Each structure stands twice: as structure tokens, then as C-alpha cells.
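Asks: Predicted model and sequence below, questions to follow.
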Protein chains: 2
Amino acid sequence: MKKTAPTIRDVAAAAHVSTATVSKFINGAQRFSPKVEAAIESAIAGLGYKSNPLAKSMITGRTNTIGLSVLDITNPHFSSILKGANRVAHDQGFSVLLVDTEETPSRERRTLEELSRRVDGMIVFSRMREHEMTWMTEIDKPLVFFGSLAQLPLPTVASDDHGGAYMLAQHLRMLGHRRIAYLGFSKSRRDEERLGGIRESLNAAGLELAIFDAEAPSLAEGERLCSAIVLGSQRPDALICYNDLMALGFMKEASNLGISIPQDISVVGFDNIPYGKYTTPALTTVDLQSERMGATAMEKLLAVIRGQHVEKLTKVAPQLILRASTVARRP
Amino acid sequence: MKKTAPTIRDVAAAAHVSTATVSKFINGAQRFSPKVEAAIESAIAGLGYKSNPLAKSMITGRTNTIGLSVLDITNPHFSSILKGANRVAHDQGFSVLLVDTEETPSRERRTLEELSRRVDGMIVFSRMREHEMTWMTEIDKPLVFFGSLAQLPLPTVASDDHGGAYMLAQHLRMLGHRRIAYLGFSKSRRDEERLGGIRESLNAAGLELAIFDAEAPSLAEGERLCSAIVLGSQRPDALICYNDLMALGFMKEASNLGISIPQDISVVGFDNIPYGKYTTPALTTVDLQSERMGATAMEKLLAVIRGQHVEKLTKVAPQLILRASTVARRP
DNA sequence: CTGTTAGCGCATTCAC
DNA sequence: GTGAATGCGCTAACAG
């Protein structure tokens, strides 16, 4: 039946024009006499012709595809980023090629270098430290990076993690908490920033900070580290978690251990994933605007691709989401 | 500097061989004399040559890319499917091009038809009814569909929704529930199957089923419909939700309304999303094996692409996840 | 084993 | 306005 799909040549022949004319007409690069245009249109319709995007891409060098690299697509923070990025891309006629590095940075460089040849630009979320990322600037495609960069001349979209963490700590302090702990994830580049924000707040009050470190930013790790935190010799009266997933895991296990939240310990997180609102009690957190960040990064990248000038750093302001229930006032 | 990337011709010239030789060597299609191979290798290294995947794809017709179309990537059910599919794809050297139809089927056909030209095969999750899907069989690329199909000759991967729902209903019945309600989502093709499973169980006992219908399979809809369910004239003693998201939304609002779960009403869901385990009480649900389904679908598709024979239908067995806390025994 | 020769389907000069 | 010619970077016969 349809052994070989019709090519632009078939259309040209059927419409009694040249392939060049058909090409220009299809791409709207030029107008033609009504007679010719009608002939082309009916030839296209008659043959059911569809331009071959692969051939087109090879010629133009543009694929209308954007690569997006995230650390773990099942983490709601990243699904939301993807959601926002995908929506913008779709609206502007682009597709998203996803890379889920699954927290394993070993093949990240090769993967991204290969990816770069198949897309018009990429958006990258990575755990790599800045000094091991210089190769990214040598990739011959527009790139937008998530997180702030001190040296590398790459456009970035970042949340104000330091500020968000500071807000969280201030909030806890104002409610009277004195023994604050941080359940962090030191492998992340943002961990330092959050830690910095917390420290800035606590130092001003001369408060100590107890630190626990997770192996992964996951529900399971929050669960696992719970007992060490609440059954240690000096139980904190408030815990700031690296993200909401860890906070949820922690809360569940605390409940199993007979610890009441927030009576025995207040808990707060980062990200504002949807599920934090649906636990009991509901989780106080910092909204990092994941979906908006994804959308912003995509908008920025598409602007770069179009040759427009963009700011190096786009900062998305965090918002403290107060759900009083995981946080109590201390005497 | 690197104005034009080196082509296979540059390599051939530098190694004093023909482009055909370089091509075959790169693709491992043939071995050559050590001298030639060494020359090619050093030429490649010297020039920093990378094969242009676009040109290669145009020739071979293979892109090493799989299209995956889902309904809403922020739904954990779908992120898990994507996770499983992506892992298998990655292991076999394929990338995933994601399409998030966002529950809007209007442009679905065009989107998928366009997508089909850029990938080697696709995996599709859709709300479309079977009779409006015949065009899918005419797409000239391997396609694996999620869900069971009565007529269409498409390979599919499906969960046993009927069976899972039956298990759920049986479980509730055996614990003494008599007034069971279903919070469904009739726009979904799987809604009927789940309803069928529930009915099969209840009919055997001569029990009625109250049905509520959501506009979307979301947290917010579960929340919204809660009051109508629990504050109606005949409050059910158990509620089966179309999915876990709706169940979580329902549970939260029920708690706000002063309704205790499971004392006042038992709640169960579908999917076994990770967050169901972390609510209080933890949610009893049917595990549909999302990640495995994604992996299975990808394996099946890659087999088809390789020309291997595959079963029309691959069924993934559901598993009841008992978390006693959302379900009570009735007198 | 290695090279020659054709294209793949399309966009793009540059003529007319 | 329109078309003939050229080539993108690569692979696929077919020769030798």
C-alpha cells in the first residue's frame, strides 16, 4: 500500500512545479500565484504528503527539540519542572527529550554531549560541582542551568535557597524554637546554600545547629534517619529537612515511634510538593515554584536559541507556605 | 575556532582512506587491517570527530528515540511509568521523547502523528475510546498501547483493573462493609473496568453501589467531592476511589469536616503511589505496578522494533496493598 | 579487506 | 514568480 511515503518530489511532480517551489511554499518562505498554490495544496492533500522532519533537520540543523536533564523524574519537584518546561516548549512548537540521570553522575557528561547533537538546546539539573562542569560551556548548543553559578558563563535559573532557608529558620526562631536541627543532603549543591541560610539566622541568635546527613533526598531516607534524630540524647525541638520528601518520611516514622508532631518536634521542608498539603498534619514548607522554574528555564533557553539577549541569572523568589500544623509555638 | 564540525570526509582524508571505510569502522560493521584502524582512530581523535546523528538517522531511518505519551506527568502513576520505560530505553541505547497530553485529547492525534515521524516507535497512554483510535493502527511505526483493546490489532500492556477492583471490593465486604460507594472518573477508559470489578463483587452479595464522578483524577477533585459523599443522607461506610490521588484529597477534607477514617468511613484507592504510605492513616490500595508497566511496555516495543514476535496483550497482575489503617472492620 | 559511486529528502543559492 | 542545480553528512550497494 504505502510502501514509500511521498516525498517533496512527488508533490512537485503532481503539481507540475519544481521541488524548490514546493519547499518554499510549505515553509511559508514565499508566496506564489494562486494557481500554483492551489495545485501544490491539492497535490499535498491528494498524496497525503508530510515533510520528513529528519531530512529537514539535517539541512537546517534545527530539530525543534529541547533536551531536559533531571536527577529523578519521580521526585515531584522534577516532575513539576518538567511540566512547566514542557508546556512552554509545546506552545512554541518544541518537543522535550528527557534524560533522567537517576542521581548517577558517572555517565552524565557523555550522555549530555551526545544529547547535545540531537537537540537545539538543553536545560540541565546536575549535582556536579562548578569546577567539574567547565566542559558544559564547550558544548556547541545553548544551555540553561538550574542553580547559581559563580564563574561559569552559563545562563541560569535559580531559586533563592539561602533566602528560603533563612525565612524558615527565622520563622522557627520567632515561634520560640531553640534546638534546631537540619536533616540535609550534602551531595546536593543546594544543600550548602540552605545550610548557609539557616546558619545566618541561628548565628544571629547564638544558637547551635545539629546536622544530620542523608544519602538520598527521599522518603525512605527521611524515614530511616528519624530515630537517630528523635531518640538521640538531645532531641531537637524543630527539624528543617532538605526537602519535603524527607520531611514526609520523617513524619511517618516519628508517628510510628510515638512522637507527636508538632508537640514533640516541629518539622518543615523545602519544595512545596503537592503531597505536603495532604498529610496530617499538613507540612509547612518553602515553595520553590518548581513548575514556574521549569517554564522560566524553557523560556530563557528558547530566547537564547532565537538569538535574543538574556540575563545570566534569573532568580525565582521562594515563598514560605505556612501550614501551622507541623510547627508549634514553644514557651 | 570550531567553525564547522569535522565530517566523516575530514576523517577519511586525514586517515588516507575512504569515507565508506570510516563509516564501517565506526559502526563496527567490519574489521580492517590494524594499520588502517589505527589511522582512523588517530584521525578521529585528532579532529575530535563525532558522527552526526541527524545525518545518520536520515539515511537509516532510525533515530534511537522512543516517543512516550502520557496524560499528566505530575501524576506519580505516570512518572513511575516514565521511570521504568526510560530506564529500559536508556539501557538499550534509546532516548525518550516525552509528550504530556495534559488530559486534552483534542490535538492528540496530530501530536502523535507528528511524533511518529521523529521516533522509532511509541508508547501511548490515552483516554480515547477504542473506536476513535483506528488511526493509530495506520501509523507506520511500532506502537505499544497501555490498556486492553478488544478489536484493534495493537500490542498492549495492561493492568488487570477489573481484578484489582474486585479484590478491593471483596476485601471491604469481608470486613463487613455494606454501604460501599465508588468515587470514579468516568472519562477514563479504565473507570469502567474498575466499576465492573466492584459490581461483580457487590452483585454477588446483593449490595447497592453509590457512584460519584470526578472531573479529573486529582487531589483537588477528591477534596471537592468529599462533602457530598460524607455529608449526604446515606453516608457510605466505605469508599473506593478511582485512584490514590483522589483518595488522599478525600481523606484530607474528611479530616477537616471532622470525619474519622476509618471509624466513620473506610477509604481505598488505586495505583499505590508512594505518598499513600505516608499519610495518616496509611492508605490501603491496589498496586498497579506502574514502574514495571512502563518497563514492560518499553521492552515490548523494543522487541517489536527488532522484529521479534510479541504477544498482543501483556497483563501485569495487580496486588492488594493492605494498610489496615484506612479500613476498619464493621460489626 | 578497501574504495567508488549513488543517493536519502530536503533547503538553498542563483539563475531565468 | 519559478526552477535547475547543488550539497548537507552519511550509509549502502557494488566493485575490485
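Replies: Cool, got the structure.
Asks: Quickly note the distance from the residue most central in space within chain A to DNA strand D.
Replies: By Cα atoms, centre = their mean, chain A has its centre lying nearest to A:Ile81, at 4.0 Å. Using Cβ to the nearest atom of the strand, to the nearest Å, A:Ile81 is found at 33 Å from DNA strand D. In short, each C-beta sits where N, CA and C put it, glycine included.
Asks: what residues does the helix or strand that contains that residue touch?
Replies: Following DSSP states H and E, one finds A:Ile81 within helix A:76-91. By Cβ atoms under 8 Å, 6 or more residues apart in numbering or on different chains, the surrounding residues in contact with helix A:76-91 are A:66, A:68, A:70-73, A:95-96, A:98, A:123, A:125, A:146, A:243-245, A:271, A:273-275, A:288, A:290-299, A:302, B:73-74, B:76, B:79, B:98, B:100, B:102.
Asks: Is chain B within reach of the helix or strand that that helix is followed by?
Replies: Per DSSP H and E, the first helix or strand lying C-terminal to helix A:76-91 is strand A:95-100. Yes - Strand A:95-100 is in contact with chain B by Cβ under 8 Å from any Cβ of the partner chain, via A:Ser95, A:Val96, A:Leu97, A:Leu98, A:Val99, A:Asp100.
Asks: Tell me who's in contact with the spatially closest residue to the first one that is not a sequence neighbour.
Replies: Looking back up the chat, that one is A:Ser95. In space, and not counting its chain neighbours, A:Ser95 is closest to A:Thr65: 4.9 Å by Cβ to Cβ, 6 or more residues apart in numbering or on different chains. Shown in contact with A:Thr65 (Cβ under 8 Å, 6+ apart): A:Phe94, A:Ser95, A:Val96, A:Leu97, A:Arg118, A:Val119, A:Asp120, B:Leu97, B:Arg118.
Asks: Can you report phi and psi for the residue lying closest to the last one once chain neighbours are set aside?
Replies: Put plainly, it is B:Arg118. Spatial nearest neighbour of B:Arg118, chain neighbours left out: A:Pro53 (5.5 Å); criterion: Cβ to Cβ, 6+ apart. Main-chain dihedrals, A:Pro53, degrees, to the nearest 10: phi -70, psi -30.
Asks: Test my guess that A:Pro53 contacts B:Val119.
Replies: No - applying Cβ atoms under 8 Å as the test, A:Pro53 and B:Val119 come out as separate, 10.3 Å apart.
Asks: Please identify which of the two sits among more neighbours.
Replies: Set A:Pro53 next to B:Val119 and count neighbours by other Cβ atoms under 10 Å in any protein chain shown: B:Val119 wins out with 22 against 18.
Asks: which residues does the more buried one contact?
Replies: B:Thr63, B:Thr65, B:Ile66, B:Gly67, B:Leu97, B:Lys141 are the contacts of B:Val119 under Cβ under 8 Å, 6+ apart.
Asks: what do you get for A:Ser42?
Replies: A:Ala15.
Asks: Let me see the ranges of the helices in chain A.
Replies: A:8-15, A:19-26, A:34-47, A:53-60, A:76-91, A:108-116, A:135-138, A:161-174, A:189-205, A:219-230, A:244-256, A:290-305 (DSSP state H).
Asks: Would you format those as JSON lines with mean pLDDT and distance to DNA strand C included?
Replies: Output for these, formatted as JSON lines (pLDDT from 0 to 100; distance: least, Cβ to the nearest atom of the strand, whole Å):
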{"stretch": "helix A:8-15", "mean pLDDT": "89", "distance to DNA strand C": "3"}
{"stretch": "helix A:19-26", "mean pLDDT": "90", "distance to DNA strand C": "3"}
{"stretch": "helix A:34-47", "mean pLDDT": "88", "distance to DNA strand C": "11"}
{"stretch": "helix A:53-60", "mean pLDDT": "92", "distance to DNA strand C": "4"}
{"stretch": "helix A:76-91", "mean pLDDT": "97", "distance to DNA strand C": "21"}
{"stretch": "helix A:108-116", "mean pLDDT": "94", "distance to DNA strand C": "21"}
{"stretch": "helix A:135-138", "mean pLDDT": "94", "distance to DNA strand C": "26"}
{"stretch": "helix A:161-174", "mean pLDDT": "96", "distance to DNA strand C": "43"}
{"stretch": "helix A:189-205", "mean pLDDT": "96", "distance to DNA strand C": "40"}
{"stretch": "helix A:219-230", "mean pLDDT": "97", "distance to DNA strand C": "48"}
{"stretch": "helix A:244-256", "mean pLDDT": "96", "distance to DNA strand C": "46"}
{"stretch": "helix A:290-305", "mean pLDDT": "98", "distance to DNA strand C": "15"}
